[in-house]
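S.K.: No letters, just coordinates:
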């Protein structure tokens, strides 16, 4: 991604300054001035500064990275990993919810059901997808997709990236909590393998509804929690400005989740986060998905359900 198109986070200002100087030197070099050695030295310095910065991120900084608008989203992963993708719309009860997208396609030549939240990457698309916050009809669509996959013996892949289920009055009136519970139950009831990848934010029941899987993987700088840091701050201190303090205390990082046994694997991101090299991140995620499904290959329906059930019963009983 060209530096001039990149959006920098507040804590990345030292790197942004180095990149800005690099742009100036490269422009000068393009005019014919021989400064290749100076450019190379500054490139090395900028790369090292970025590596050092991302080697020791705080939970709040990881939260900011997980929310970066240029991280790969659901449509990016589908475009890079799935062929012949055919989306299905509607929950057959109320309507279509474009915050949660799902359908069927082929992953490495084999049929698969894939679903996940889509946040959008522009003002119009973010509004269209409701910033990835699904309503009840989105989760009922997920149940519909999982039931179809189960009927035809197709594995299920979930890509999770949401600040949570939509908290609007209409959503609550249409049974938001019940829809989330039924979606979670549908995950647990599947007789086919299901794998979930938390690619950015995995917040609240809105994430759990499609993350209750045989294998749960998480990108290195993603976050996973029952509540957002801002909401926790408002509840604990009645002060929404203490989100950073809340994040640092909540144990929401991928490293925390692996230690507690909530997830099974962390997927390393490119230096500087997935948003700096989306193609590499998508390719690495595809490899991890294939390995996860291969581990479950050959298991019958009852063995798959038993493995999934035991995985979640073990959470909290032992530390990884």
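M.R.: Great, that's in hand. Just so it is clear, the model here is predicted, and its values are computed rather than measured.

S.K.: Residues in contact with stretch 40-49: which ones?
M.R.: 14-15, 18-19, 21-22, 25, 271 (CB atoms under 8 Å, 6 or more residues apart in numbering). Every residue, glycine included, has its C-beta placed from N, CA and C.

S.K.: in the chain, what secondary structure element scores lowest on mean pLDDT?
M.R.: In the chain, the helix or strand scored least confidently by mean pLDDT, DSSP states H and E is helix 13-30, which has a mean of 82.

S.K.: can you give me the helices in the protein?
M.R.: Applying DSSP state H to the chain gives helices spanning 13-30, 36-54, 59-66, 74-81, 123-128, 136-152, 169-173, 176-189, 204-208, 229-237, 243-249, 254-259, 278-296, 301-313.

S.K.: what's the closest of those helices to residue 108?
M.R.: Distance to residue 108, taken as CB to CB, is lowest for helix 278-296 among the helices of the chain, at 5.9 Å.

S.K.: on contacts alone, who are the packing partners of that closest one?
M.R.: Applying 3 or more CB pairs under 8 Å, 6 or more residues apart in numbering; DSSP states H and E, one finds that helix 278-296 makes contact with helix 74-81, strand 100-107, strand 194-203, strand 215-219, strand 265-267.

S.K.: contacting residues around that helix?
M.R.: With CB under 8 Å, 6+ apart as the criterion, helix 278-296 contacts 1, 70-72, 76-77, 80-81, 107-108, 155, 157, 193, 195, 197, 199, 214-215, 217, 219, 264-265, 267-270, 274, 304, 307.

S.K.: need the contact list for the spatially closest residue to residue 226 that is not a sequence neighbour.
M.R.: Once flanking residues are discounted, residue 226 sits nearest to residue 204: 5.9 Å by CB to CB, 6 or more residues apart in numbering. For residue 204, the contact set (CB under 8 Å, 6+ apart) comprises 164-165, 225-228.

S.K.: can we see that at 10 Å?
M.R.: 133, 162-165, 167, 180, 225-228, 231 (CB atoms under 10 Å, 6 or more residues apart in numbering).

S.K.: can you tell me which of these are in strands?
M.R.: Secondary structure defined by DSSP state E assigns 162, 225 of those to strands.

S.K.: Please name the nearest non-neighbouring residue to residue 235.
M.R.: Per CB to CB, 6+ apart, closest to residue 235 is residue 227, 7.6 Å.

S.K.: what about the one you found, neighbour count?
M.R.: 17 (other CB atoms under 10 Å).

S.K.: Pull out the buried members of the contacts of helix 278-296.
M.R.: By neighbour count, with 16 or more other CB atoms under 10 Å, those hold 71-72, 76-77, 81, 107, 155, 157, 193, 195, 197, 199, 214-215, 217, 219, 264, 267, 269-270, 274, 304 as buried.

S.K.: I'd like to know how far the residue lying closest to residue 93 once chain neighbours are set aside sits from residue 27.
M.R.: Counting by CB to CB, 6+ apart, residue 140 is the residue found nearest to residue 93 once chain neighbours are left out, at 5.8 Å. Between residue 140 and residue 27 the distance, using CB to CB, to the nearest Å, works out to 54 Å.

S.K.: re earlier: the residue nearest to residue 93 - how many residues pack around it?
M.R.: 27.

S.K.: so it makes contact with residue 91?
M.R.: Yes - between residue 140 and residue 91 there is a contact under CB atoms under 10 Å: 3.6 Å.
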